[in-house]
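Student: Any chance you can model this:
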Amino acid sequence: MRLSMNLVTLRKDPLPERLKAIAEAGFEGVGLWVSDVDEFLSQGGSLEEIGNLLRELKLEVPEICALGGWHLVDDKSNVRKEVEKIGKMCKGIGIERSVLVCPVAWEAEAPLERSVRDYKELCEMGKEWGLIMGLEFLGMRKGINNPISAYEIVKEANCENVGVIVDVFHLLKGGGKPADLLSLPGEGIALVHFNDISPDKPLEEQSDAHRVLPGEGKAPLKELIANLKKIGYTGWLSIEIFNPLHQSRPPLEVCKEAVKKAKELLI
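Tutor: Numbers count the residues shown, from 1 in each chain. As a prediction, the model looks like this:
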């Protein structure tokens, strides 16, 4: 498994500075956000510059966040435009394949057939641009909130560019456990958002902002990694933390700490 740093974890320093910090710390990949790329372009930068810097730093892009507005939506013209925008962004940067994070509609519950239909349509949109459409479940919601139900949608959609995005926080927040991953094949997981849960308060009282770096909290990460290995997952572990504390610190400091703690868990 390979380590990637999701940009949302870091203080919003200029994009090139954050990318350099990620590479210097020893990460192999970076999780980009459309908003970060848009901001860089609005300041006079170009997609070509981003691509050149990524290649210079030897950083891959396993994911681009984020995309919503596709589940239980009949008119998908807006989401089609967004997929096209991200596809063109990837081409401009020079990314051949990427994971596209697709959050489910927040509180939406729906019959399996409807979720499959919407997801399949989304995958067809992404296929035009060579994108993998990762289905991310949200543990605190009533809809698709666990890896087993998410994989059922992925399996029924029966497309080439599919997979479940497993987020440690959402897995545990939804009442799941590492053993749930044993119900999925390794190739069914598109990417893992690797994070920990705060030891300072009950999980039911925690939000995304309480996430901490892997190894800082009380999540059963060793068991989770062991189960990922058992099912043959060999993809990316993307460190995604929405914690204001980490977002206020120097990016290189956070990146070095994150690499060290993550590698200790992977031994």
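Student: how about the nearest residue to residue 234, chain neighbours excluded?
Tutor: The shortest distance from residue 234 to any residue other than its chain neighbours is 6.3 Å, reached at residue 1 (CB to CB, 6 or more residues apart in numbering). The C-beta positions use only the backbone N, C-alpha and C, and glycine is treated the same way.
Student: That neighbour touches residue 233, doesn't it?
Tutor: Yes: contact status for residue 1 versus residue 233: in contact at 7.0 Å, counting by CB atoms under 8 Å.
Student: what comes into contact with stretch 232-242?
Tutor: 1-6, 8-9, 29, 31, 62-63, 99, 167, 185-187, 189-195, 208-209, 211-214, 247, 258, 262 (CB atoms under 8 Å, 6 or more residues apart in numbering).
Student: and if we set it to 7 Å?
Tutor: Stretch 232-242 has contacts (CB atoms under 7 Å, 6 or more residues apart in numbering) with 1-6, 8-9, 29, 31, 62-63, 186, 189, 191-195, 208-209, 211-214, 258, 262.
Student: Identify those among those that sit within helices.
Tutor: With helices taken from DSSP state H, the overlap with those comprises 258, 262.
Student: From the contacts of stretch 232-242, which land in strands?
Tutor: Among the contacts of stretch 232-242, the residues falling in strands (DSSP state E) are 2-6, 29, 31, 62-63, 189, 191-194.
Student: Mind giving me the ChimeraX command for buried ones among these?
Tutor: The following ChimeraX selection, which keeps only the buried ones among these, applies the criterion 16 or more other CB atoms under 10 Å:
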select :3,4,5,6,29,31,62,63,189,191,192,193,194
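Student: Compare neighbour counts for residue 1 and residue 233 and give me the winner.
Tutor: Between residue 1 and residue 233, residue 233 has the larger neighbour count (other CB atoms under 10 Å), namely 23 against 14.
Student: Could you confirm that one falls within a helix?
Tutor: No: Residue 233 sits outside any helix when classified using DSSP: H, G, I helix; E, B strand; the rest coil, being coil.
Student: Is the closest residue to residue 157 other than its chain neighbours within a helix or a strand, and which one?
Tutor: Excluding its sequence neighbours, the residue lying closest to residue 157 (CB to CB, 6+ apart) is residue 120, at 4.3 Å. Following DSSP states H and E, one finds residue 120 within helix 112-127.
Student: same question, residue 135
Tutor: With DSSP H and E as the criterion, the answer for residue 135 is strand 131-136.
Student: Tell me how many other residues surround residue 14.
Tutor: By the other CB under 10 Å criterion, the neighbourhood of residue 14 contains 12 residues.
Student: Relative to residue 74, how far out is it?
Tutor: When CB to CB, to the nearest Å is the yardstick, residue 14 and residue 74 sit 40 Å from each other.
Student: And the helices in this protein, which stretches?
Tutor: Along the chain, the stretches classed as helices by DSSP H are 15-25, 34-42, 47-57, 77-93, 112-127, 147-157, 168-173, 221-230, 244-247, 251-266.
Student: which of those is buried the deepest?
Tutor: Neighbour counts (mean count of other CB atoms under 10 Å) averaged over each of these peak at helix 168-173, with a mean of 24.
Student: Now do the contacts for residue 181.
Tutor: Contact analysis of residue 181 by CB under 7 Å, 6+ apart lists 147, 166, 224, 227, 228, 231.
Student: my read: the fourth one touches residue 178, true?
Tutor: Yes: proximity of residue 227 to residue 178 meets the contact threshold set by CB atoms under 7 Å, at 5.0 Å.
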